[in-house]
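# pasted the sequence and its predicted model underneath.
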Amino acid sequence: MRLGPTERDRLLIFGTAELARARRARGLRLNVPEATALIADTVCEAARDGLRLAEAIAAGRAALGPEDVLPGVADVLTEIQVEAVFEDGSRLAVLPFPLRSPGSGDGPGAGAGDSAGAGDPAGHGAGTPDGADADTAPGAVLPAGPDEGTDAAYAPRPAALSLTVRNTAAVPVSVTSHFHFFEANPRLEFDRAAAYGMRLAVPAGSSVRFDPGGIRTVELVPLGGDRIAIGFAGLVDGPLDAPGARAEALRRAAACGYLGAAASDARREEGEA
């Protein structure tokens with residue numbers, strides 16, 4: 001049986017989650033990868049059981065509390081993003097402060113309406129060692145001093161392209177920072193050819209939400225590194241800059257009904273004629 005990147009990632013999450021459950025059953029407190037996998041697996045299984053997005057997120061946030069993890073984990077684990085398969089298709093589930101607040105209960109809906117756990121990091125301070133300041137907690141982000149300057153290698157990259165995107169779907173669509181934007185949800189209508197080899201110009205790990213029927217302008221920058229797109233929607237699955245790769249990806253996108261691809265493909269053919 002041949003497994004694609006999505007299936008391999010799902011098995012990795014499941015295997016790590018099972019290890020976390022076994023260690024938790026032995027009375028051990030979990031580290032960051034174990035807690036992340038267990039919560040992500042809970043969300044994916046809730047989606048597989050037929051729950052809606054909000055219900056799956058609530059189930060994930062009820063899975064673990066600060067008492068279940070090692071000291072400092074609650075301060076580091078501030079957000080989990082996992083793509084799960086629901087009855088209406090794949091959706092990105094975003095869980096801010098995914099550990100339930102102390103005393104919120106263990107039921108499947110625990111944490112769903114808990115404002116402290118949903119938006120206030122103070123609700124998860126139980127993971128901070130006694131006497132530790134928030135600025136010295138494990139994983140804390142410390143800003144540079146006035147004389148330390150900024151490393152140019154980490155400075156934000158200027159946007160290379162502004163693109164207008166319209167969401168024609170009846171549900172919100174979220175696209176993460178390093179997703180190959182050309183392969184984003186087929187119900188997003190934009191110039192696919194222009195977005196080839198590009199990603200959102202937003203901080204790593206963040207995402208942009210497109211509301212149903214909404215139109216918004218996004219900034220894109222070229223994908224860096226070796227510029228190899230593996231997985232995503234399977235429209236490229238290889239080097240982005242290989243000869244003929246862009247034309248073939250546009251052909252596949254148009255054949256699969258990706259909005260904006262057919263028009264882009266037609267303009268490309270007119271330009272070559």
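Right, received. Where do you want to start?

# hang on, residue 85 is in a helix, isn't it?
No. Counting by DSSP: H, G, I helix; E, B strand; the rest coil, residue 85 is not found in a helix; it is strand.

# for burial, what's the neighbour tally of it?
For residue 85, the neighbour count with other CB atoms under 10 Å is 13. Heads up, the C-betas are built off the backbone N, CA and C, glycines and all.

# for it, which non-adjacent residue is closest in space?
Leaving aside its sequence neighbours, residue 85 sits nearest to residue 47 (CB to CB, 6 or more residues apart in numbering; 5.9 Å).

# kindly provide the distance from that neighbour to residue 209.
18 Å (CB to CB, to the nearest Å).

# more neighbours, these two?
residue 47 (25 against 13).

# which residues of the stretch 51-200 of the chain score low on pLDDT?
Low-confidence segments of the stretch 51-200 of the chain (pLDDT under 70): 102-159.

# re earlier: quick one: the strand or helix carrying the residue nearest to residue 85 to chain centroid distance?
Residue 47 belongs to helix 32-48 when assigned by DSSP states H and E. Relative to the chain's own centre, helix 32-48 is displaced by 13 Å; criterion: CA atoms, centre = their mean, to the nearest Å.

# and the angle from the next helix-or-strand element following that helix to helix 32-48?
Proceeding N to C from helix 32-48, the next assigned helix or strand is helix 53-61, under DSSP H and E. Orientation check (axes from the mean of the first three to the mean of the last three CA atoms, to 10 degrees): helix 53-61 against helix 32-48 gives 150 degrees.

# other SSEs contacting helix 53-61?
helix 32-48, strand 79-86, strand 89-96 (3 or more CB pairs under 8 Å, 6 or more residues apart in numbering; DSSP states H and E).

# and stretch 229-242, what's buried?
The neighbour-count check on stretch 229-242 (16 or more other CB atoms under 10 Å) flags 229, 232, 233, 235, 236, 237, 240 as buried.

# out of those, which one sits closest to residue 34?
Distance to residue 34, by CB to CB, is smallest for residue 232 among the buried residues of stretch 229-242, at 27.3 Å.

# how close does residue 248 get to residue 255?
Residue 248 is 11 Å from residue 255, by CB to CB.

# SS state for residue 14?
Quick answer, by three-state DSSP: residue 14 is helix.

# and it, what pLDDT?
Turning to residue 14, the model gives it a pLDDT of 96.

# number of nearby residues for it?
15.

# ok, now which ones touch it?
residue 41 (CB atoms under 8 Å, 6 or more residues apart in numbering).

# how near is it to residue 40?
9 Å.

# for residue 65, same thing?
Taken as CB to CB, the span from residue 65 to residue 40 is 16 Å.

# of these two, who's got more company?
Taking neighbours as other CB under 10 Å, residue 65 and residue 40 compare with residue 40 leading, 26 against 23.

# what ranges do the strands span in this structure?
Using DSSP state E, the strands of the chain run over 79-86, 89-96, 161-167, 173-176, 188-189, 198-200, 207-210, 215-222, 228-229, 238-239.
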